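S.K.: no sequence on this one, just coordinates:
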């Protein structure tokens with residue numbers, strides 16, 4: 001990874017009955033984790049994602065939500081990672097997908 005680069009990191013648990021991991025004294029019901037490192041710049045360049053969405057008359061907005069806990073206080077910060085040229089047209093009732101990476 002390069003500091004300041006455009007890389008996605010996804011960590012997803014692998015759940016298996018009868019397996020768990022103990023981290024800092026907490027027992028998590030999973031066998032392990034699958035980790036994916038994705039070079040966003042390369043994906044954009046090789047997939048023509050912006051051009052393909054535009055050609056199909058579609059818009060997109062890719063965001064990430066950072067959650068910070070301070071005691072019982074939870075704060076969320078939403079950051080836009082990428083968006084099409086007219087992403088402002090996307091309304092709350094459009095199809096959206098939340099990816100839980102916890």
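M.R.: Yes, it's here. This is a predicted model, so every value here is computed, not measured. Numbers count the residues shown, from 1 in each chain.

S.K.: burial count for residue 15?
M.R.: Neighbours of residue 15 under the rule other Cβ atoms under 10 Å: 12. From N, CA and C alone the C-beta is placed, and that goes for glycine too.

S.K.: try residue 13
M.R.: With other Cβ under 10 Å as criterion, residue 13 counts 16.

S.K.: cool, and residue 45?
M.R.: The burial count for residue 45: 10, using other Cβ under 10 Å.

S.K.: same question, residue 44
M.R.: Residue 44 has 13 nearby residues by other Cβ under 10 Å.

S.K.: Please point out which parts of the helix or strand hosting it sit buried.
M.R.: Using DSSP states H and E, residue 44 sits in helix 40-47. By neighbour count on 16 or more other Cβ atoms under 10 Å, the buried set for helix 40-47 is empty.

S.K.: could you pull out the strands for the chain?
M.R.: Ranges of strands within the chain are 7-14, 21-23, 26-28, 32-39, 61-70, 73-83, based on DSSP state E.

S.K.: which strands and helices sit next to the longest one?
M.R.: When contacts are defined as 3 or more Cβ pairs under 8 Å, 6 or more residues apart in numbering; DSSP states H and E, strand 73-83 packs onto helix 40-47, strand 61-70.

S.K.: buried sites along that strand?
M.R.: For strand 73-83, by 16+ other Cβ under 10 Å, it's residue 83.

S.K.: And the contacts of that strand?
M.R.: 8, 40, 44, 49, 59-68 (Cβ atoms under 8 Å, 6 or more residues apart in numbering).

S.K.: Are any of the residues you listed buried, and if so which?
M.R.: If we count by 16+ other Cβ under 10 Å, those have these buried: 49, 59.

S.K.: Is it possible to get a markdown table of the contacts of strand 73-83 that adds distance to residue 84?
M.R.: A markdown table is the format used below for the contacts of strand 73-83 (distance: Cβ to Cβ, whole Å):
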| residue | distance to residue 84 |
| --- | --- |
| 8 | 18 |
| 40 | 15 |
| 44 | 12 |
| 49 | 9 |
| 59 | 5 |
| 60 | 5 |
| 61 | 7 |
| 62 | 10 |
| 63 | 13 |
| 64 | 17 |
| 65 | 20 |
| 66 | 23 |
| 67 | 26 |
| 68 | 29 |
